[in-house]
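Student: how would this look folded up:
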Amino acid sequence: METIKINSLGKLLMMCLLSCFSFFGHESKAQDFQFSQYHESPLYLNPAFTGLGKMHRVTLNSRIQWPNLPKAYVTNALAYDYNLDYLSSGFGLMLTRDVAGSGNLGNTNASFLYSYRVALGDKLVLSTGMQFAYNFTGLNQNGLTLGDQLLDNRGVSFDSELANIQNIQFFDFSGGMLLYSKLLWAGFALHHITEPEMSLIGDSNPLNRKISIHGGIKIPLYRGPKKMDNISSIAPSFVYKRQGINDQLDVGFNWHYDPISAGLWYRGVPLKKTEPNEGLYDRDALVFKFGLMYPDFQVGYSYDFTISEFGGAAGGAHEISIIFDFEAKLRKKRKKEFIPCPTF
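Tutor: Below you'll find the model as predicted:
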């Protein structure tokens, strides 16, 4: 009986593409990972958020996507930023690590961020930010099972194309702007301005530029005895992202009753069809969030409930965020020159 030959290189490329699914779920180009709790990963969302905390801010985000698959998609981010108020500036460092698929396709990114603020009257502030990053990308070949291994039932592949796989390193540059007041914010960011190459086998696979537009408003529902002591509030917000030919919209709200917060978001592009002839609309997930918010500390958990045709068999996504936002005690307390960015 004639044996059908499986193309090993084609299988390898397919696995690499599947490993890049974590942003939109159906793209054919390298794409960014995402956080459902985008408010709790401000430096990743837009470098213009750098330094908009009280003084010192440490942010930790961890996400596990599709945990029911043999190899889950795991993303972690650690960031620190400092508010240098008297220089109207913010400085930040961010480290991200994303591991995907059975081949452990990994991306490690180290970034330096800077922002500068300008007061537009007494009620508005304009912040501009830049991000300089260095990226390491690699694939664990030992985690792959190629076609000749399946056909011959052996543990080692002799496919000559494996020699073409190489780890890559590159510089990256991003920027953004943010306009905010005490109760609202709106901004945009442009990531991967230089569109660096992401291919591991020497062909062309650029990381497309990503533009994101985002905004929100905090609506007090009940105030405490102090003027700005918002015991209860609701904060509708959105973020729209487009990278290459793919786009995505997250829209929803967060409700806060000190110290409890809860939120609900919808991810997808309403009225847009994934394939014009199939009648399937672009819907991805419902995101449910629960958290606790204290003056200098907050923690949140969210779950992505998949509502696309992919279904819930993969297990959705679990995400945790932790933020420490505090002001060091100084001998001489300076008067703040800028109003604080609202907490969502």
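Student: Just give me the neighbour total for the closest residue in space to V287 that isn't next to it in sequence.
Tutor: Taking C-beta to C-beta, 6 or more residues apart in numbering as the measure, V287 lies nearest to W265, with 4.1 Å between them; neighbours along the chain are not counted. To be clear about C-beta, it is placed using only N, CA and C from the backbone, and glycine gets the same treatment. Applying other C-beta atoms under 10 Å, we find 23 other residues in the vicinity of W265.
Student: W265 against D250, yeah?
Tutor: Yes: contact between W265 and D250 holds when scored by C-beta atoms under 8 Å: they sit 5.4 Å apart.
Student: Now do the same contact list for the residue nearest to V287.
Tutor: 36, 250-253, 286-287, 289 (C-beta atoms under 8 Å, 6 or more residues apart in numbering).
Student: For it, what is the enclosing helix or strand?
Tutor: Taking DSSP states H and E as the criterion, the element that holds W265 is strand 260-275.
Student: Show me what the helix or strand hosting A119 packs onto, helices and strands only.
Tutor: Of the helices and strands defined by DSSP H and E, A119 is found in strand 105-120. The contact analysis (3 or more C-beta pairs under 8 Å, 6 or more residues apart in numbering; DSSP states H and E) places strand 105-120 against strand 89-100, strand 124-138.
Student: Direction included, what does it pair against?
Tutor: For strand 105-120, the paired strands and their directions (DSSP bridges) read strand 89-100 (antiparallel), strand 124-138 (antiparallel).
Student: Off-centre distance for the last one?
Tutor: Right, strand 124-138. Centroid separation between strand 124-138 and its chain, computed with C-alpha atoms, centre = their mean, to the nearest Å, is 13 Å.
Student: tell me the mean pLDDT over it?
Tutor: Strand 124-138 carries an average pLDDT of 94.
Student: Which of the residues in it are classified as buried?
Tutor: Buried residues in strand 124-138, counted by 16 or more other C-beta atoms under 10 Å: 125, 127-131, 133, 135, 137-138.
Student: Any chance of a markdown table for those, columns distance to P342?
Tutor: Formatted as a markdown table, the buried residues of strand 124-138 follow (distance: C-beta to C-beta, whole Å):
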| residue | distance to P342 |
| --- | --- |
| V125 | 11 |
| S127 | 13 |
| T128 | 18 |
| G129 | 17 |
| M130 | 23 |
| Q131 | 22 |
| A133 | 27 |
| N135 | 32 |
| T137 | 36 |
| G138 | 40 |
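Student: And the furthest pair within the residues you listed?
Tutor: With distance counted by C-beta to C-beta, no two of the buried residues of strand 124-138 lie farther apart than V125 and G138, which are 40.6 Å apart.
Student: which outside residues touch the host helix or strand of Y82?
Tutor: According to DSSP H and E, Y82 maps onto strand 73-84. When contacts are defined by C-beta under 8 Å, 6+ apart, strand 73-84 is touched by residues 19, 21-22, 33, 35, 41, 43-44, 49-66, 90-101, 113.
Student: Right, I'll leave it there.
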